[in-house]
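Colleague: Below are the sequence and a predicted model; questions follow.
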Amino acid sequence: MLVGHLTAGEPGPPPPGQRRTGVVWVHGIGTQKPGDSLFDWTRPILDTFAEWRRDHDDHHPDDVVGENPVTAASVSDPDNRWIAVDIPAFKRRPRAEWLFTEAYWAGDVRPPSFSASAAYLLGHLRMIIRGIATGYGLREPARKVRLEQLVRDHPGDPRLAELKLAMRGRWRVTDALDAFWQNPVVRFLLMIVATPTAILALAVYAFLHAVPIPAISSRARIAAADTFIVDWFADLAVILDDQSQSAAVRTRLLERVNWLKRNGCDDVVLLAHSGGTIVSYATLLRYPESEFAVAKLVTFGEAIKLGWHLEEEVGDWRDGNSVRGNLKDRHPQLRWVDVWASYDPAPSGPMHEEDGCPLIAVDKLSAVPTGKVIEVESRPVTNFMHLALDHGGYWSNDEGFIIPVIRHIDDARGNGDGARFFGDPLDRTLRTERRRRRVALLLAWRWTALAAVVLSLGGLIVSDITDAAATGGWVATAFGFLPGHEIVSGTIDGVGKVVGVILSAVGLGGFVGAVTEAGASILGGLVPLAAVWIIFSRGNGSWNAHDELERRAIRSEHMGASGLASAHSEAALLVGGLVAVVIASTCGAAGPVIGSVAVPAVVICLVVTAIIALVLRYIGRRPPHSAAAARVAAMSGTRARS
């Protein structure tokens, strides 16, 4: 069966006169399904290309390329999924094609039992947490130097006005908040608190898992911790120490690369995430360039350093180890780019060599490979400045990740300077600085919400006119009017009595009595916490919606303006809402003086907030496409208006 020039299930030969570059996604540990990495991770690149092509057509009406970059794709063969992407002629570079595929290996791994997985994790937790705490918070030291150099290199350029925003004092506030995690004392405290907590939690969970009572053990087995311990972390043990299975995983990657070469790819680029960096490194060490022809390795959220440390921990760090060796020996022309987010716990900082794995970390690759050890371009990026979000946040970072990846694929054998896309270094820095400022605001928003929680609770405790118990009583009374409330309240009451009996049996009856007596006050204290959480969640959703709109503005050679009136308006409303919660908590959410103090103060705060937000709404820039704003709002669950 033929589809145009394609045989169903195969991409066919490259178009006449066009170079074809193969791209392989190498996923990390986890429960991925076939096709997840190919389609989910390629989509942000395609979105960027679509926006770039629309802008190109607007500026080159005589050379229209069309907005859709995908020429063909196939899922007809479950083991052979691919996407072909058209790369237009631009900047004296001829038309080309990129062929994306994935090296899916999660389905080939047979994880060990829960008890073996838990024992492996328990034995290595201390080392893992120590590594995270040591590297967590490390930042790029060369950023200020790079910005100052760009200012000197572009005298009189009007774009410098935006670049200099990064050097102004108001942004140093968020830099200071970010610097909190750089403090060695903070990281040490993080380590000494997290280590015993994690070990205790794992030990308790493993005990419950082994209890010979079906009602308890079965409940433990369906918990999310099973997925992490067996399907996520235990995969590390498989790809590092199970020789047969790790060889099968390497063979899967080898087959994908050779498939690309058979289908006319001149160069192959590996894009490896997390544990996929261990798979890629081990495969490159195992097969020489003549058998495994890879031009460039791009790692992001890498876990190879973790793999090295795990192998050292078990005393298996010797010649012949699958992840120990000099890549330069078998791949002398390989280019390696490593992208890491400062809050990503997997890399825990920039790439560095290990004994037996020599490398040189550089800010930028040399024009041609040199030396006896491999160069690694270490690229720090700003994802979300969040421990839980940064590891998966690379695909939402167009400025720091997607655009550099596009450039490195387009210049597979070089250092990126030969790419046809996004060639202006000042524009590229402006893009990353915009991202940094937006995420700095998100970081400041988290700290602001935390401050609101502290001030609200402090107001409830310290204020003479606040009556948390009265507020708790009001909540309990209102809850009592809801139909079916007996189910919830009865369950809570029953669990509370069981806990009370257990604590009383171990001599903590007084504590039980104190908690019971303070029940109304505790419930009242939860009211401002719930209000802050609602406002905080709304702020996160609004930020995500506006972040998508800002990313759309930078996906072309000609960047759009930054800053939206709706974002400024939303920020005013959200901060004003937090201030109102703090005022209500301090002045009395309930009690005899509610009418004379709390209500007028809260009303005045909300009115002033509404006026400021309304003014900001109509004096700033609006999104160029109202439909885009509506689509983003629908995706993020917010109401982003143009």
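Modeller: That came through, no problem.

Colleague: Buried residues of the helix ranked longest in the chain, list them for me.
Modeller: Assignment by DSSP state H gives helix 425-462 as the longest helix of the chain. Across helix 425-462, burial judged by 16 or more other C-beta atoms under 10 Å covers 426, 428-446, 448-449, 452-453, 455-457, 459-460. For the C-beta atoms, the positions are set from N, CA and C on the backbone; glycine is no exception.

Colleague: name the helices or strands packed onto that helix?
Modeller: Secondary-structure packing of helix 425-462 (3 or more C-beta pairs under 8 Å, 6 or more residues apart in numbering; DSSP states H and E): helix 143-153, helix 160-163, helix 169-179, helix 519-552, helix 565-587.

Colleague: And the contacts of the third one?
Modeller: Here helix 169-179 makes contact (C-beta atoms under 8 Å, 6 or more residues apart in numbering) with 139, 165, 385, 437, 440, 441, 443, 444, 447.

Colleague: ok, back up a step: okay, the angle between the longest helix of the chain and helix 565-587?
Modeller: 20 degrees (axes from the mean of the first three to the mean of the last three C-alpha atoms, to 10 degrees).

Colleague: For helix 425-462, give the mean pLDDT please.
Modeller: Helix 425-462 carries an average pLDDT of 88.

Colleague: that older thread, taking the contacts of helix 169-179 together, which two end up most distant?
Modeller: With C-beta to C-beta as the measure, no two of the contacts of helix 169-179 lie farther apart than 165 and 447, at 20.4 Å.

Colleague: coming back round to it: among the helices and strands packed on helix 425-462, which is nearest residue 334?
Modeller: Using C-beta to C-beta, these put helix 143-153 closest to residue 334, at 25.8 Å.

Colleague: which residues in this structure form strands?
Modeller: 2-3, 6-7, 19-26, 70-74, 82-87, 96-102, 267-273, 296-300, 335-341, 359-362, 374-381 (DSSP state E).

Colleague: So for residue 315, which of those sits nearest?
Modeller: Nearest to residue 315, of the strands of the chain and by C-beta to C-beta, is strand 359-362 at 23.0 Å.

Colleague: Now do that closest one: which elements does it pack against?
Modeller: strand 374-381.

Colleague: Give me the sheet partners of the strand it packs on and which way each runs.
Modeller: strand 335-341 (parallel), strand 359-362 (parallel) (DSSP bridges).

Colleague: can you pull the pLDDT of the residue most central in space within the chain?
Modeller: Per C-alpha atoms, centre = their mean, the C-alpha nearest to the average position across the chain is that of residue 393, at 2.1 Å. Residue 393 is assigned 92 on the pLDDT scale.

Colleague: Around the nearest residue to it once chain neighbours are set aside, count how many other residues there are.
Modeller: Nearest non-adjacent residue to residue 393, counting by C-beta to C-beta, 6 or more residues apart in numbering: residue 383, 3.4 Å away. Neighbouring residues of residue 383 were enumerated by other C-beta atoms under 10 Å; the total is 26.

Colleague: swap in the one 3 residues further on?
Modeller: By the measure other C-beta under 10 Å, the count of residues near residue 386 is 16.

Colleague: The one 3 residues further on now?
Modeller: Residues near residue 389, counting by other C-beta under 10 Å, number 15.

Colleague: What values do phi and psi take at the closest residue to it other than its chain neighbours?
Modeller: Sequence neighbours aside, residue 383 is the residue nearest to residue 389 in space, at 6.8 Å (criterion: C-beta to C-beta, 6+ apart). Residue 383 adopts backbone torsions of phi -90, psi -90, taken as degrees, to the nearest 10.

Colleague: so residue 383 touches residue 339, yeah?
Modeller: No: with contacts counted by C-beta atoms under 8 Å, residue 383 stays clear of residue 339, the gap being 9.9 Å.

Colleague: got any residues that touch both of those two?
Modeller: With C-beta under 8 Å, 6+ apart, residue 383 and residue 339 have common neighbours 394, 400, 401.

Colleague: The last one and residue 273, how far apart?
Modeller: Right, the one you point to is residue 401. 11 Å (C-beta to C-beta, to the nearest Å).

Colleague: Next, show the common contact partners of those two.
Modeller: Common neighbours of residue 401 and residue 273 (C-beta under 8 Å, 6+ apart) are 300, 394.

Colleague: Enumerate every residue touching residue 414.
Modeller: So residue 414 contacts 335, 365, 367 (C-beta under 8 Å, 6+ apart).

Colleague: Count the neighbours of the first one for me.
Modeller: Pointing back at residue 335 there. Residues near residue 335, counting by other C-beta under 10 Å: 26.

Colleague: ok, now the second one?
Modeller: Residue 365 is flanked by 21 other residues according to other C-beta under 10 Å.

Colleague: mind giving me the domain split of the protein?
Modeller: With automatic domain parsing as the criterion, the domains of the chain are listed as 21-37+84-423, 438-636.

Colleague: ranking those domains by mean pLDDT, which is last?
Modeller: domain 438-636 (a mean of 73).

Colleague: so what's the residue nearest to the centre of the chain up against?
Modeller: Counted by C-beta under 8 Å, 6+ apart, residue 393 has contacts 341, 344, 383, 384, 386.

Colleague: Need the phi and psi values for it.
Modeller: phi -90, psi 0.

Colleague: And the helices and strands packed on helix 425-462: which comes nearest residue 373?
Modeller: With C-beta to C-beta as the measure, helix 143-153 is the member of the helices and strands packed on helix 425-462 nearest residue 373 (24.8 Å).

Colleague: tell me what the closest one is packed against?
Modeller: By 3+ C-beta pairs under 8 Å, 6+ apart, helix 143-153 packs against helix 160-163, helix 425-462.

Colleague: Same list, those helices, but as CSV with distance to residue 245 please.
Modeller: As requested, those are arranged in CSV below (distance: least, C-beta to C-beta, whole Å):
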stretch, distance to residue 245
helix 160-163, 50
helix 425-462, 38
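
Colleague: quick one, which of those helices is nearest to residue 98?
Modeller: Of all the helices and strands packed on helix 143-153, helix 425-462 sits nearest to residue 98, with 20.4 Å by C-beta to C-beta.
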